[in-house]
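S.K.: Sequence and computational prediction follow.
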Amino acid sequence: MQGQGAHTGALSPSLAPRLLAAIVAGRLSRDASRLLGRGSGTTFPGVLAQRIAPDVLARLSAQLDQGSILVAGTNGKTTTSRMLAGMLRCAGHRPVHNRAGANMLAGVTGAVVTHTALNGRPVGDVGLFEVDEASVPAVVQRVRPRVAILLNLFRDQLDRYGELDRLAALWSESLFGPDGPKTVVLNADDPGLAALAGDSDRRIVWYGLDDREAGTGVLPHAADATYCPCGNALSYDAVHYGHLGHWRCASCGRGRPTPDVAAANIRGDGMHGTRFELRWDGHALDAFLPLPGLYNVSNATAAAATARAMGLPDSAVLSGLRSVTAAFGRLERIRIREREVVLWLVKNPAGFNEALRTLLQQPGSKTLVIIINDRIADGCDVSWLWDADLEMLASAGDDIAQVVCAGARAYDVAVRLKYAGFPAERQSVRIQPLDAVLQGLRLTRDDKPLYVFPTYTAMLELREQLRRRGWVGRVWED
Amino acid sequence: MEVRIAHLYADLMNIYGDRGNIIVLTRRAQWRGISVIVTPIGLGDALEWRQFDLIFVGGGQDRQQALMARDLATTKSDGLLAARDDGRVILAVCGGYQLLGRFYRGADGEELPGIGLFDLQTTHPGTRLARCTGDVLVRCDWHPRRRGLVGFENHGGRTYLGPEAQSLGTVVVGHGNNGADRTEGARMANAYGTYLHGSLLPKNPWFADHLLIEALRRRYGPAALLAPLDNSLEAAAHDAMEARLLARR
């Protein structure tokens, strides 16, 4: 199976011509689209390769010596995958990773094809794929992952994914079905995920936050899994954020599983990062994560639990976390005309709430730009703006100096802010993302960063406008 | 003056930003010096309908909707029907709207009983048929100025109005009740049902004010008035969506 000289680039005579054609076409199309400046070339190679050889993903991913890891969940896929990639590298592995975040079937296929040498051997030893919620079954069926991580299930793009219950059923069928992984890493703090495992005989590794002080303490408006499958309302001893926390059902006795891997004693250090203890098997490690936000501690714990399940050493887990850098648009810092701009992708109420909460913990006055588009990748339905607690901005007083509303749904944001009680004289509308950012910079005091909260396509649009002016690099240069 | 709002199943039926409707009703009353009391009414709670001027119920997922159907029939049905007959204002969105009809037949053929507050019935045609999803523009012909409503719909069930039901409006762009007869929503006395969320009221402030004034008149008599407000942001949001939808047509 694993031929000698696998990575020499020599053409294997046994390689099916169709598969070879798929690899060549995929790689060439990636290079071509980059050369022509037609975007990052992260999806098209996969589409093309699949068309030439429909089994290309199954065939190529089967050759990864260490198997594959699948990362799914509403929020935190990209960041968790990056943490895991760091840990894997620190342990001497070479992950084949859809790092640019193209996470549907074509994106995963594209990542594998472009990481395959012309002899059909992968350039790497372990697959690491973040997978879009609705694409989980298709990817599982082809890749047959060794480990899958489910991070959380929040309301997100209901127009595209349908109801949360339907998505949960889809995941359950796929991950606990015949093609599912031997090990599933699950967030014990999410009652919606705990129900998925059922009485399956798979190995489940639970992870969670064992810190009752951290977090909001109360359920937000947009809590998604606050009812037990038995129909009773759940009680919480602690709420971390969203509907995640220490939950139990007083009626049927279901409760949060005890985490195998837990984060405790969590101490934020402003925007610089977070210190916490990682605990498993009775011992504790001091971890530092150079990202703020409780949700990132949860992501880090998920990555650590997975690394443990893969048998990586503690040192790789810790150095992987220490070296993580912000993913594209996830708390990414860029410089525009010598000024610092923080890009903070928002997609759904849970993510937006946590981003705002983290931001408001930082001292001093802040200027924000909120850019909301309603294209398919953003979610066509922007009603989630009403589920997000933008009231936080109004009650922050002078800490929020100005908010500029932008994007195709700029006025929806402006209306939302108005009804949140945010003062009219401190908000303005600029439809075009770049105009809005430049306006935001004019309103920001000299030494302060500008905080920009774009939806996905808004971020791509803004990045492209910035790139044309030479202010940021391309996505795939990351 | 004062407006008392009952928010039915607030923690259960809240999937599509429906609390935006409550926020808008509350703010628009408060900005005019009218105080507002919002009372959440959950599973098992009795609905003392005489204590409320306005009753709201939002949309939910299948599981929540099944819980709601059972509870509606046992603890809320009589109160809601009496409130309608008394001319109280009722607004029901999406899943809440469906269950105020006669029944909801799911994709699996299973039937959830409704309370028959509106003369309509809803059937899910099965998951092979696409859901009715997207932006909607509706013209309200019953309104003296034939005003429009914009919103977003996302429903699998197809709703058909019976002979006693009037629609809330005519679909200009979108699917509406069933994608076939161009009706959207239902109204009867001061009760309104609709598939539109997004939320509905923020971009349609005239409809929010219509609900408020009907609620106030029911309580304080026909002379009750609402002072005008600056609606320029709401109008900009409404008009941007209306223009986009008309261009698509």
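M.R.: All right, it came through fine.

S.K.: What strand or helix carries A:Leu285?
M.R.: strand A:283-289 (DSSP states H and E).

S.K.: Can you give the domain ranges for chain A?
M.R.: A:65-102+A:124-322, A:330-466 (automatic domain parsing).

S.K.: List, one by one, the residues from chain A near chain B.
M.R.: By CB under 8 Å from any CB of the partner chain, the residues of chain A that approach chain B are A:155, A:158-159, A:162-166, A:221-223, A:226-227, A:231, A:233, A:380-387, A:409, A:411-412, A:414-416, A:418-421, A:429. Every residue, glycine included, has its C-beta placed from N, CA and C.

S.K.: which among the residues you listed end up buried?
M.R.: Using 16 or more other CB atoms under 10 Å in any protein chain shown as the burial test, the residues of chain A next to chain B include A:155, A:158-159, A:162-165, A:221-223, A:226-227, A:380-387, A:409, A:411-412, A:414-416, A:418-420, A:429 as buried.

S.K.: and those, which of them are in helices?
M.R.: A:158-159, A:164-165, A:384-387, A:411-412, A:414-416, A:418-420 (DSSP state H).

S.K.: roughly how far is stretch B:203-219 from the heart of the chain?
M.R.: 13 Å (CA atoms, centre = their mean, to the nearest Å).

S.K.: Name the surrounding residues that touch that stretch.
M.R.: A:412, A:415, B:1, B:3, B:21, B:24-25, B:28-29, B:34, B:53-54, B:86-89, B:91, B:140, B:143, B:147-151, B:190, B:192, B:200-201, B:224-226, B:229, B:231, B:234-235, B:237-238, B:241 (CB atoms under 8 Å, 6 or more residues apart in numbering or on different chains).

S.K.: Would you show me how to pick out the buried ones of these in ChimeraX?
M.R.: Burial among those is assessed by 16+ other CB under 10 Å; the matching ChimeraX selection reads:
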select /A:412,415 /B:3,21,24,25,28,29,34,53,54,88,89,91,140,147,148,149,150,151,190,192,200,201,224,226,231,234,235,237,238,241
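
S.K.: Next, the most centrally placed residue in chain B: secondary structure please.
M.R.: Residue closest to the average C-alpha location in chain B (CA atoms, centre = their mean): B:Ala92, at 3.2 Å. Recorded secondary structure, B:Ala92: strand (DSSP: H, G, I helix; E, B strand; the rest coil).

S.K.: again with B:Asp78
M.R.: Classified using three-state DSSP, B:Asp78 is helix.

S.K.: Look at the residue located most distally from the centre of chain B and report its pLDDT.
M.R.: Distance from the C-alpha centroid of chain B, by CA atoms, centre = their mean, peaks at B:Arg128 (27.2 Å). For B:Arg128, the pLDDT comes out at 86.

S.K.: returning to what we had before: could I get the domains of chain A as CSV with mean pLDDT?
M.R.: Shown next, in CSV, are the domains of chain A (pLDDT from 0 to 100):
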stretch, mean pLDDT
domain A:65-102+A:124-322, 90
domain A:330-466, 93
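
S.K.: now those in CSV, with distance to B:Gly106?
M.R.: Converted to CSV, those look like this (distance: least, CB to CB, whole Å):
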stretch, distance to B:Gly106
domain A:65-102+A:124-322, 12
domain A:330-466, 22
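
S.K.: In three-state terms, how would the residue nearest to A:Leu285 when sequence neighbours are not counted be classified?
M.R.: Leaving aside its chain neighbours, A:Leu285 sits nearest to A:Leu278 (4.6 Å; criterion: CB to CB, 6 or more residues apart in numbering or on different chains). Under the three-state scheme (three-state DSSP), A:Leu278 adopts strand.

S.K.: my read: A:Leu278 touches A:Ala263, true?
M.R.: Yes: contact criterion CB atoms under 8 Å: A:Leu278 and A:Ala263 qualify, at 6.0 Å.
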